[in-house]
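**Student:** what shape does this take:
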Amino acid sequence: MSILAERRQARPSTPVPAPPRPVRLLRGRRGEVHRPPTRARVVAGRRPAGAPCAAPRRVPVRWPWLAALAVASCLVVTVLGLFPGGGAGAPVPARTAVVSVEEGDTLSSLAARFAPDSEPGAVVARIKELNRLDGPVLVPGLALTVPVAEPAP
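**Tutor:** Reported below is the predicted structural model:
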């Protein structure tokens with residue numbers, strides 16, 4: 001009997017409070033319902049990645065449109081290149097004169113001086129043709145045949 005009496009006295013007469021449970025902090029998703037880790041998260045309008053009927057997303061084909069746009073832009077550039085730019089000037093004069101090249105003269109400066117109303121590129125090409133020139137280099141004192149515009153009356 002003494003053993004039972006000691007055991008009863010060993011137990012406290014008032015219950016001992018349980019230790020407090022640890023507080024669980026939520027990070028990231030606030031207001032979301034806790035779900036077991038085995039359950040997939042469902043997002044509106046999308047199926048989970050591992051779902052059996054989940055088909056891969058089809059990307060729209062854009063290559064034909066890109067090729068069509070490239071062809072159309074090439075055609076536009078080609079058509080615009082066929083038209084003379086900015087109103088063509090007068091044609092290259094048929095009358096020619098022999099001039100001496102001075103220091104600092106270029107083919108384009110000669111074309112602007114002797115045929116100011118004509119397109120400079122066409123006049124330069126005509127000067128090269130008349131004098132059988134290969135490059136744009138001119139030597140001072142060289143005699144060149146140049147198209148000359150008619151003097152204004």
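**Student:** touching stretch 132-140 from outside, list them.
**Tutor:** 101-103, 105-107, 127-128, 144 (CB atoms under 8 Å, 6 or more residues apart in numbering). For every residue, glycine as well, the C-beta is placed using N, CA and C.
**Student:** if you set the cut-off to 10 Å instead, what comes out?
**Tutor:** Stretch 132-140 has contacts (CB atoms under 10 Å, 6 or more residues apart in numbering) with 100-110, 124, 127-128, 131, 142, 144.
**Student:** give me the subset of those residues that lies in helices.
**Tutor:** 107-110, 124, 127-128, 131 (DSSP state H).
**Student:** need the residues you listed in TSV (columns: distance to Ala149).
**Tutor:** Shown next, in TSV, are those (distance: CB to CB, whole Å):
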residue	distance to Ala149
Leu107	16
Ser108	15
Ser109	15
Leu110	12
Val124	15
Ile127	13
Lys128	18
Asn131	18
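**Student:** would you put the C-alpha positions of the lengthiest helix in the chain in PDB?
**Tutor:** In the chain, with assignment by DSSP H, the single longest helix is helix 63-82. Once non-C-alpha atoms are left out, helix 63-82 reads as follows in PDB (Å, rounded to 0.1, in the frame of the first residue of the first chain):
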ATOM      1  CA  TRP A  63       6.700  32.400 -90.900                       C
ATOM      2  CA  PRO A  64       4.400  32.600 -93.900                       C
ATOM      3  CA  TRP A  65       3.300  36.100 -92.900                       C
ATOM      4  CA  LEU A  66       6.900  37.100 -92.400                       C
ATOM      5  CA  ALA A  67       7.900  35.800 -95.800                       C
ATOM      6  CA  ALA A  68       4.900  37.600 -97.400                       C
ATOM      7  CA  LEU A  69       5.800  40.900 -95.700                       C
ATOM      8  CA  ALA A  70       9.500  40.600 -96.900                       C
ATOM      9  CA  VAL A  71       8.400  39.900-100.500                       C
ATOM     10  CA  ALA A  72       5.900  42.800-100.400                       C
ATOM     11  CA  SER A  73       8.500  45.200 -99.000                       C
ATOM     12  CA  CYS A  74      11.000  44.200-101.800                       C
ATOM     13  CA  LEU A  75       8.400  44.800-104.400                       C
ATOM     14  CA  VAL A  76       7.600  48.200-103.000                       C
ATOM     15  CA  VAL A  77      11.300  49.200-103.000                       C
ATOM     16  CA  THR A  78      11.800  47.900-106.600                       C
ATOM     17  CA  VAL A  79       8.700  49.700-107.900                       C
ATOM     18  CA  LEU A  80       9.800  53.000-106.200                       C
ATOM     19  CA  GLY A  81      13.300  52.500-107.700                       C
ATOM     20  CA  LEU A  82      11.900  52.400-111.200                       C
END
